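Chemist: my questions concern the predicted model and sequence given below.
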Amino acid sequence: MSASRWRSWTVASGAGSETPSPRRIVLVGATASGKSDVAMRLAERLGGEIVGADSRQIYRGLEIGTEAPTPEDRSRVAHHFVAFLDPAETYSAGRYGREARAAIRDIESRGKLPIVAGGSGLYIRALLEGLFEGPARDDAIRERLTRRIREEGLDSLREDLRRVDPDALAGILPGDPVRVVRALEVYELTGRPISALRREKARAPLPALLFGLRWPRPALRDRIAARLDRQLERGFLEEAKRLLESALPESTPGPRTLGYRELLAHIKGAMTLEEARAAIALRTRQLAKRQETWFRNTRGVRWIELNASGDLGRATREIEDRLDPAVDRP
């Protein structure tokens with residue numbers, strides 16, 4: 001489908017309104033599933049711009065370890081929400097949802113196709129449904145919970161959250177104390193799970209077509225290992241060293257990011273490089289499993305089943321076919 005043909009179709013489908021129409025694509029799936037590759041192919045074929053939905057690719061200086069789009073990719077296709085924040089800054093899913101909606105409106109106003117691609121389930125939910133922001137922070141509660149993390153470890157608070165709000169815990173990465181503290185804080189302040197409050201207060205849905213990339217588990221495991229090898233060859237370790245030199249507190253997003261935590265431990269002498277590599281691979285596989293569970297429970301996802309041959313071109317064509325089966329292939 002050509003870019004001009006896509007624009008004609010979107011006008012006919014009512015672009016600019018909030019009624020359901022196939023003018024926005026959301027591409028989800030586990031880490032290393034090929035979302036960025038397929039999004040690039042679609043954007044180049046359909047005249048689109050890519051809206052990132054990755055809670056770590058938003059940070060500058062973490063491009064290699066988060067597998068962010070390269071400068072070359074970004075010169076070929078416009079990307080949004082990539083490498084625009086300092087790794088010391090926090091960025092909430094609620095803020096992402098508001099700002100990503102604004103970016104999508106801007107993309108559409110210029111006659112382009114928004115293609116959202118990412119594996120952060122909470123970001124996707126915030127974009128499509130909105131999120132409950134919750135009550136104002138309570139410094140006394142936060143200090144008490146933070147002190148417990150120092151004394152008992154984060155796992156203790158995660159277990160507390162599992163008891164009162166397992167749905168919220170399912171969307172929080174294991175090394176993320178900020179969201180664990182916030183969820184427990186909201187529960188203490190309101191007596192209700194933040195996940196339930198979010199569902200009640202969600203804004204009007206954003207119409208979009210959702211597609212997911214799904215691999216057999218062994219094939220995805222191999223893709224994760226190959227990607228990690230490629231990242232290390234590209235300078236992942238050197239990127240982690242630069243992060244250490246920036247002297248950011250360990251509680252900030254950069255040092256907490258998967259892969260950097262393990263490499264920083266290696267740099268400090270706590271583990272060998274091979275041990276760090278094995279830990280990164282294991283935790284990435286665990287992340288992939290959580291993402292698969294999250295998106296499997298997301299309504300409306302049209303799944304593209306992939307096999308060991310890894311034909312992402314076929315996946316791209318299948319998405320195009322589902323968009324408009326009547327259009328001849330170029």
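Modeler: It's in.
Chemist: isn't Phe81 right up against Ser55?
Modeler: No. Taking contact to mean CB atoms under 8 Å, the distance of 9.8 Å between Phe81 and Ser55 leaves them out of contact. For every residue, glycine as well, the C-beta is placed using N, CA and C.
Chemist: who touches both of the two?
Modeler: Tyr96 (CB atoms under 8 Å, 6 or more residues apart in numbering).
Chemist: which residue ranges form the helices in the stretch 201-330 of the chain?
Modeler: Listed from the start of the chain, the stretch 201-330 of the chain has helices (DSSP state H, counting those that start in this stretch) covering 217-234, 236-245, 253-256, 260-267, 273-296, 312-323.
Chemist: okay if I get these as TSV plus mean pLDDT and distance to Pro174?
Modeler: Compiled in TSV, these are given as follows (pLDDT from 0 to 100; distance: least, CB to CB, whole Å):
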stretch	mean pLDDT	distance to Pro174
helix 217-234	97	16
helix 236-245	98	19
helix 253-256	94	10
helix 260-267	98	10
helix 273-296	97	8
helix 312-323	90	29
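Chemist: please identify the deepest-packed of those.
Modeler: Using mean count of other CB atoms under 10 Å, the stretch among the helices of the stretch 201-330 of the chain with the greatest mean number of neighbours is helix 253-256 (a mean of 22).
Chemist: to Leu131, which of the helices of the stretch 201-330 of the chain lies closest?
Modeler: Evaluated with CB to CB, the helices of the stretch 201-330 of the chain place helix 273-296 nearest to Leu131, the distance being 14.7 Å.
Chemist: what helices and strands are in contact with that closest one?
Modeler: strand 25-29, helix 121-129, helix 166-170, helix 217-234, helix 260-267 (3 or more CB pairs under 8 Å, 6 or more residues apart in numbering; DSSP states H and E).
Chemist: okay, the angle between that helix and helix 217-234?
Modeler: In terms of direction (axes from the mean of the first three to the mean of the last three CA atoms, to 10 degrees), helix 273-296 departs from helix 217-234 by 130 degrees.
Chemist: what's helix 273-296 in contact with?
Modeler: By CB under 8 Å, 6+ apart, the surrounding residues in contact with helix 273-296 are 28-33, 119, 121, 170-171, 173-174, 212, 214, 220-221, 224-225, 228, 232, 237, 258-259, 262-263, 265-266, 271, 301.
Chemist: how about stretch 82-90?
Modeler: The set of residues that contact stretch 82-90 without belonging to it, under CB under 8 Å, 6+ apart, is 52, 57-63, 68-69, 74, 91, 178, 243, 246, 248-249, 252-255, 257.
Chemist: filter these to the buried ones?
Modeler: By the neighbour-count criterion of 16 or more other CB atoms under 10 Å, the contacts of stretch 82-90 include these buried positions: 52, 57-59, 61-63, 68-69, 91, 178, 243, 248, 252-255, 257.
Chemist: of those residues, which belong to strands?
Modeler: When the buried ones among the contacts of stretch 82-90 are checked against strands (DSSP state E), the matches are Gly52.
Chemist: what is the neighbour count of Glu67?
Modeler: Glu67: 21 surrounding residues under other CB atoms under 10 Å.
Chemist: how much space between it and His79?
Modeler: Counting by CB to CB, to the nearest Å, the separation of Glu67 from His79 is 13 Å.
Chemist: check Gly300 too.
Modeler: Going from Gly300 to His79 by CB to CB gives 25 Å.
Chemist: and what of Gly175?
Modeler: Here the distance between Gly175 and His79 works out to 26 Å (CB to CB).
Chemist: and the two? Which one has more around it.
Modeler: Neighbour totals were compared for Gly175 and His79, and His79 leads with 24 against 13 (other CB under 10 Å).
Chemist: where in the protein is pLDDT low?
Modeler: Along the chain, segments meeting pLDDT under 70 span 1-22, 133, 201-203, 310, 324-330.
Chemist: one more time with 50, if that's ok
Modeler: Within the chain, the stretches falling below the threshold (pLDDT under 50) are 2, 4-22, 325-330.
Chemist: name the residues that touch stretch 163-177?
Modeler: 121-122, 125, 146, 149, 154, 157-158, 161-162, 179-180, 183-184, 187, 193-196, 251, 256, 258, 261, 283, 286-287, 290, 293-294.
Chemist: picking that back up, distance to Ala279 added to the helices and strands packed on helix 273-296, as CSV?
Modeler: Written out in CSV, the entries for these read as follows (distance: least, CB to CB, whole Å):
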stretch, distance to Ala279
strand 25-29, 23
helix 121-129, 23
helix 166-170, 22
helix 217-234, 11
helix 260-267, 5
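Chemist: now for these, which one comes closest to Pro135?
Modeler: Each of the helices and strands packed on helix 273-296 was checked against Pro135 via CB to CB, and the shortest separation belongs to helix 166-170, namely 15.0 Å.
Chemist: now do the closest one: distance to the chain's middle.
Modeler: Centre-to-centre, helix 166-170 and its host chain are 17 Å apart (CA atoms, centre = their mean, to the nearest Å).
Chemist: understood, closing this out.
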